[in-house]
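> this one's structure only:
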């Protein structure tokens, strides 16, 4: 399976600031996804990052708060904007799930704490 | 959003015991996946199931795709301390662009 690298692995940020999380894959992939996992909870899909077009956001998530870039088939970024303590979570990038019905594989996540 | 019913929520067992957990859905799925997540890491895929009735093993782990396509179980035989973690089920149907629906997880603790 693909090797997925996320940066940063963790960060502590001040409220009101923004942080951009990077996801790099070692091979070209069709589908890339961004998830949020709040402490002790399951995974919640934020959006599907589409190469060459706008991301597809799930209910409850908007582009102004979580802008996503997908400039090519191996890279994506998620920005958490104007952060508040409620944004403290693990943010996970995954790849897979395309036409070949490949299961999704995950990076190790970014642990974000907002003070 | 939709979530799967995963049970039990947590388990505390003795090393060497067998473990069983399951997930149920109100709708039919085409794919069932089982993941394990350890602290500080992302979920790691354990087993993928694609056909109703399919029974698949990965070492001491065995998972089955329910015949009704609305449920799946994961068994772990002869548990060891490194089995500790949170196990998640996830599934999807082809009609929702491969979006995964997730269970709430089963937290497993193993007493050596």
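Thanks, I have the structure now. All values reported here derive from a predicted model rather than from experimental measurement. Residues are numbered from 1 along each chain as shown, chains lettered A, B, ... in the order given.

> beta partners for the residue nearest the centre of chain A?
For chain A, the residue sitting closest to the mean C-alpha position, by Cα atoms, centre = their mean, is residue A:34 at 3.2 Å. Taking DSSP bridges as the rule, residue A:34 bridges to residue A:47, residue A:93.

> My read is that it contacts residue A:90, right?
No: using Cβ atoms under 8 Å, residue A:34 is not in contact with residue A:90, being 11.4 Å away. Bear in mind the C-beta positions are built from the backbone N, C-alpha and C, glycine included.

> returning to that earlier point: any idea of the pLDDT on the residue nearest to the centre of chain A?
With respect to pLDDT, residue A:34 has a value of 97.

> Ok, residue B:2 next?
Residue B:2 is given a pLDDT of 69.

> Contact partners for the nearest residue to residue A:52 once chain neighbours are set aside?
Using Cβ to Cβ, 6 or more residues apart in numbering or on different chains and skipping residues adjacent in sequence, the residue nearest residue A:52 is residue A:70, 7.4 Å away. By Cβ atoms under 8 Å, 6 or more residues apart in numbering or on different chains, the contact set of residue A:70 is A:32, A:49-52, A:55, A:76.

> Same check on residue B:78?
Residues counted as contacts of residue B:78 (Cβ under 8 Å, 6+ apart) are B:16-18, B:60.

> Among the contacts of residue A:70, which lie within helices?
Assignment to helices by DSSP state H places none of these there.

> which of those lies closest to chain B?
Nearest to chain B among these: residue A:50, at 10.5 Å, using Cβ to the nearest Cβ.

> The closest one and residue A:71 touch, don't they?
No: counting by Cβ under 8 Å, residue A:50 sits too far from residue A:71 to count as a contact (11.4 Å).

> neighbour count winner among those two?
A side-by-side neighbour count of residue A:50 and residue A:71, using other Cβ atoms under 10 Å in any protein chain shown, places residue A:50 first with 15 against 10.

> contacting residues for that one?
Residue A:50 touches A:56, A:70, counting by Cβ under 8 Å, 6+ apart.

> try 10 Å this time
Counting by Cβ atoms under 10 Å, 6 or more residues apart in numbering or on different chains, residue A:50 makes contact with A:30-32, A:56, A:68, A:70, A:76.

> again, but for residue B:34
Contacts for residue B:34 (Cβ under 10 Å, 6+ apart) come out as A:103, B:21, B:23, B:43, B:45-49, B:56, B:58, B:61, B:63, B:72-74, B:87-91, B:103.

> What is the neighbour count of residue 52?
Just so you know, I chose chain A. 8.

> Chain B is the one I meant
Neighbours of residue B:52 under the rule other Cβ under 10 Å: 16.

> And for the residue nearest to it when sequence neighbours are not counted, the neighbour number?
Closest residue in space to residue B:52, ignoring its immediate chain neighbours: residue B:69 at 5.0 Å, by Cβ to Cβ, 6+ apart. Residue B:69 is flanked by 19 other residues according to other Cβ under 10 Å.
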